[in-house]
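Asker: the sequence and its predicted three-dimensional model are supplied below.
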Amino acid sequence: MLRFDRQHLTQSDTLEFVSERTAIEELSDLFLFLADNDFAGYSPTYEQLARSISADTKLLEFVESSAHPNARRGRVPVLFFAATHDRILANPGCEIAAVYRGESDADPMTSFLELINQERGAIIENMRTRSVQTNEVGRSAALALAFGRATQDVSDSLTLFEIGPSAGLNLFIDRFHIDYTRNDKALASLGPDDSTVRLRCEVRGPNTPPLPTVGFELKARNGLDPMPIDVRSNAECRWLQACVWPGIPDRPQRLSAALDIARQSPPRLIAGDAVTDLAVSLDEIPESDHLVVFSTWALAYINADGRQTVLDTIDQRGANRDLDFITFEEPRFTPWVQPAEAGVFEHYLGEGTPTQLSLRSWRGGVCTTTALAIAHPHGRWIHWLEENHG
Ligand SMILES: C[S@@+](CC[C@H](N)C(=O)[O-])C[C@H]1O[C@@H](n2cnc3c(N)ncnc32)[C@H](O)[C@@H]1O
């Protein structure tokens, strides 16, 4: 079987390379890519499982046949993990559940396969009806820097509008406490000291981001998602838990703390598709508010034409009202932004898919676009790119 040196390829290279290969070979490489780049050193159970799955043709065939025909190819392995994790959460007494909770260090593959045999139908149902909806509040650590940078010149109240918010937890960015560090020393803190959601983000690289000194005054929290998650529904919140990778203790803890905050006053989430419904939703926001539209790991789920429509929709509004569009996405999904130099990405190979934080600002009918930073996909570290804002 044709193989290649994964160490030096990005996920997009991988997908391009595998396009002429069979679907099963392609899936196998996607699982291996995740094991090497996203799970290694972060979620050991998923790393082990992903490596075993990549070598198990029968299981790969099950995953392939269970995925919805319209599912985005690159996201199928993570959807499969979430579909399975959901059944583990529903059966907390099963053997693999103890491994996921860190109570057993048995080899996970045997009990994982047992669970799949028992829960086959429910896993297929999840794969067909659900999508990856990981609502990762760690991304607020990166977003907060972009919000601060974008709104330095803004005095109007801020209205947030998130594309693909899942449950909308990052819309509560002003309620989270964020510590920025460099070499383990405190650089700055943001947000209420007594917040139950506590995020930590390590600043790396030669530049220091402009660190906001005051919190945000938010007037409104809005989002648009084909399947918005209702924070008041336990069943829906279990899907959020299912999307979290095992072995990273602070993730379930901060997810649950963020849900508690959101339940006090749920955000306004509209059920709809950003490609077709964004224009109408944005036009409902009063012109007197400063509009900040943002997307984090959502454009990956929209095809290239759809992403261009989203951008055109925002630009048409930006030509007539000041606004900011902040993206925290893999660079290939924001082709309107000049990406960081390849060397920066190479430097962070194996530390999570490097995610680019970018800002497109409209002021007085003039548009500027800036790549602000490269960061860990869950906001654990950030490498600021701009030199003149330190
Ligand atoms: C991986 S989740 C990310 C959630 C959240 N942005 C975060 O970073 O925590 C991707 C989200 O994008 C949403 N999504 C997928 N296609 C979309 C579309 N066409 N329009 C709007 N949202 C979409 C999904 O439903 C899901 O909630």
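Answerer: Arrived safely.
Asker: just for this protein, where's the confidence low?
Answerer: Along the chain, the parts satisfying pLDDT under 70 run over 1-20, 388-390.
Asker: and the protein, what are its domains?
Answerer: Here the domain parsing of the chain from automatic domain parsing is 6-129, 139-232+246-384.
Asker: would a markdown table of those domains with distance to the ligand be doable?
Answerer: All C-beta spots, glycine's among them, are computed from the backbone N, C-alpha and C. Conversion of these to a markdown table gives the following (distance: least, Cβ to the nearest ligand atom, whole Å):
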| stretch | distance to the ligand |
| --- | --- |
| domain 6-129 | 8 |
| domain 139-232+246-384 | 3 |
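Asker: mind putting those into TSV with mean neighbour count?
Answerer: Written out in TSV, the entries for these read as follows (neighbours: other Cβ atoms under 10 Å):
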stretch	mean neighbour count
domain 6-129	18
domain 139-232+246-384	19
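Asker: using the three-state scheme, assign His383.
Answerer: Using DSSP: H, G, I helix; E, B strand; the rest coil as the criterion, the local structure at His383 reads strand.
Asker: ok, now how distant is Asp283 from Asn117?
Answerer: From Asp283 across to Asn117, the span is 51 Å (Cβ to Cβ, to the nearest Å).
Asker: coming back round to it: would TSV of the domains of the chain with distance to Leu240 be doable?
Answerer: Formatted as TSV, the entries for these read as follows, by distance: least, Cβ to Cβ, whole Å:
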stretch	distance to Leu240
domain 6-129	10
domain 139-232+246-384	6
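Asker: mind checking which helix or strand Ala279 is in?
Answerer: Secondary structure here is read from DSSP states H and E; on that basis Ala279 sits in helix 274-283.
Asker: show me what that helix is packed against.
Answerer: Using 3 or more Cβ pairs under 8 Å, 6 or more residues apart in numbering; DSSP states H and E, the elements in contact with helix 274-283 are strand 158-163, strand 218-225, strand 290-296, helix 304-318.
Asker: including distance to His383, could those go into CSV?
Answerer: Supplementary listing: the helices and strands packed on helix 274-283 in CSV, determined by distance: least, Cβ to Cβ, whole Å:
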stretch, distance to His383
strand 158-163, 24
strand 218-225, 27
strand 290-296, 17
helix 304-318, 24
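Asker: tell me which of those sits nearest to Asn207.
Answerer: Closest to Asn207 of these is strand 290-296 (Cβ to Cβ; 21.5 Å).
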